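[1] Take a look and give me a structure for this.
(one chain, ligands or ions: 2)
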Amino acid sequence: MSAIIIDGKAFAAGLRERLTGAVAAFGASVGTAPGLAVVLVGEDPASQVYVRSKAKQTVEIGMRSIEHKLPASVSQRDLEDLVRRLNADDAVDGILVQLPLPPGLDATPVIALIDPFKDVDGLTDASAGRLASGRAGLVPCTPLGAMMLINSVLPDIAGAEAVVVGRSNLVGKPIAQLLLQQNATVTIAHSRTRDLAAVCRRADILVAAVGRPEMLGADHVKDGAVVIDVGINRIPAPDLGEGKTRLVGDVAFDAVVGKARAITPVPGGVGPMTIACLLRNTLTAARLRRGLADTAV
Ligand SMILES: Nc1nc(=O)c2c([nH]1)NC[C@@H]1CN(c3ccc(C(=O)N[C@@H](CCC(=O)O)C(=O)O)cc3)C=[N+]21
Ligand SMILES: [Mg+2]
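    Ligands and ions are numbered 1, 2, ... in the order given. Below you'll find the model as predicted:
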């Protein structure tokens with residue numbers, strides 16, 4: 001049996017294409033395009049790459065990109081003041097503070113300040129609470145993207161066994177909530193789970209979100225399972241040359257691909273969906289703030 005390789009890059013491109021039309025329609029009726037503010041503190045090279053890519057894709061689909069770059073030496077207070085100004089700015093529909101912040105700055109109170117109606121990362125307590133109680137709100141981008149990929153191969157997951165490995169507030173917990181919302185039977189496994197492989201082998205849908213390179217192998221996968229790899233780990237690749245690295249997921253892809261019914265690759269799986277869903281959330285936020293229905297795209 002050969003697995004379906006779920007093409008997250010193509011799915012994300014399709015989503016951006018549909019968003020382009022929806023953004024144009026929004027602009028025609030509201031008079032302005034949705035605006036996404038991205039706050040980047042410091043000069044971490046990986047963060048700079050992500051932020052550049054977000055800004056580029058934002059503009060490509062017809063939305064406004066508002067970039068704020070602050071030095072790593074910025075004070076906690078000045079950073080928090082910026083978030084307050086963005087909350088108050090009517091031209092800003094979504095606010096994203098790129099994480100992690102440089103050492104010395106505390107992300108928790110910064111995130112807590114973000115207006116829940118502009119919380120396109122879905123990271124505030126208000127967003128988490130709404131998700132947990134099944135009310136409409138902004139859903140974290142990576143979980144939202146992962147669910148779209150699951151539904152692309154399994155439109156109806158009611159009654160299915162889903163196992164999420166990882167319990168972070170950013171990924172594991174919100175994915176579990178989304179699976180539960182669609183009536184899957186959900187298990188959240190983690191570093192203290194006894195006999196992890198046996199638990200994972202129960203899964204019709206296995207979601208890996210642990211952040212440990214290639215930790216889940218063939219022993220963890222039931223024949224015919226749908227495997228969603230949320231991990232993005234950069235590891236040394238001496239075979240490519242001195243000092244070179246490569247991206248791998250939390251799943252040992254080559255060991256699992258023969259067993260799974262469908263699997264997401266890394267790169268090209270969940271990663272590209274994260275940014276596409278950030279754009280989706282910005283349109284959602286722009287609509288919700290104006291009392292407009294958040295129709296499908
Ligand atoms: N406030 C905040 N929100 C975030 O959503 C957020 C963040 N901070 N900080 C960093 C992480 C990481 N993240 C990714 C986005 C896209 C890819 C992505 O497109 N990955 C490509 C490969 C990229 C590459 O080649 O390096 C892929 O998997 O195919 C990965 C990771 C968003 N994050
Ligand atoms: Mg990926």
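[2] What count of nearby residues applies to the closest residue to residue 282 other than its chain neighbours?
    Leaving aside its sequence neighbours, residue 282 sits nearest to residue 94 (CB to CB, 6 or more residues apart in numbering; 4.0 Å). Just so you know, the C-beta spots here come from the backbone N, C-alpha and C atoms, and that holds for glycine as well. Using other CB atoms under 10 Å, residue 94 is surrounded by 30 other residues.
[3] List the beta-bridge partners for residue 94.
    The partner list for residue 94 in beta bridges (DSSP bridges) reads residue 36.
[4] Pretty sure residue 283 is one of the things residue 22 touches, is it not?
    Yes: the pair residue 22 / residue 283 is scored as a contact, 6.0 Å apart, by CB atoms under 8 Å.
[5] Common neighbours of these two, please.
    residue 297 (CB atoms under 8 Å, 6 or more residues apart in numbering).
[6] who's more crowded, these two?
    For residue 22 versus residue 283, the count of surrounding residues by other CB under 10 Å is larger for residue 283: 24 against 18.
[7] need the strands for the stretch 51-200 of the chain, in chain order.
    With strands called from DSSP state E, counting those that start in this stretch, the stretch 51-200 of the chain shows them at 64-70, 94-97, 161-165, 185-189.
[8] Burial check on residue 255, number of neighbours?
    Residue 255: 15 neighbours (other CB under 10 Å).
[9] and it, what are its phi and psi?
    Taking degrees, to the nearest 10, you get phi -80, psi -20 for the backbone angles of residue 255.
[10] Spit out the contact partners of it.
    Contacts of residue 255 were listed using CB under 8 Å, 6+ apart, and they are 217, 218.
[11] Distance-wise, check it relative to ligand 2.
    Distance from residue 255 to ligand 2, counting by CB to the ion, to the nearest Å: 17 Å.
[12] next one: residue 190
    21 Å.
[13] Make sure that residue is actually in contact with residue 164.
    No: using CB under 8 Å, residue 190 is not in contact with residue 164, being 9.1 Å away.
[14] More neighbours: these two, which one.
    Using other CB under 10 Å, the more surrounded residue of residue 190 and residue 164 is residue 164, with 31 against 13.
[15] can you pull the pLDDT of that one?
    Here, the pLDDT recorded for residue 164 equals 98.
[16] who does it bridge with?
    Beta-bridge partners of residue 164, counted by DSSP bridges, are residue 188, residue 207.
[17] same thing with residue 248?
    Here residue 248, judged by DSSP bridges, has bridge partners residue 233.
[18] In contact with it, which residues?
    Taking CB under 8 Å, 6+ apart as the contact definition, residue 248 lies against 213, 214, 231, 233, 235, 266.
[19] and the fourth one, how many neighbours does it have?
    For residue 233, the tally of surrounding residues (other CB under 10 Å) stands at 17.
[20] right, and it touches residue 250 too?
    Yes: applying CB under 8 Å, one finds residue 233 in contact with residue 250, separated by 7.2 Å.
[21] what sits in contact with each of those two?
    In contact with both residue 233 and residue 250: 211, 212, 213, 214, using CB under 8 Å, 6+ apart.
[22] how about the nearest residue to residue 170 once chain neighbours are set aside, what does it touch?
    Leaving out its chain neighbours, the residue that sits closest to residue 170 by CB to CB, 6+ apart is residue 140, at 6.3 Å. Taking CB under 8 Å, 6+ apart, we find residue 140 in contact with 121, 122, 123, 127, 170, 171, 174.
[23] got it, and residue 271?
    8, 232.
[24] Look up which helix or strand it falls in, please.
    helix 270-289 (DSSP states H and E).
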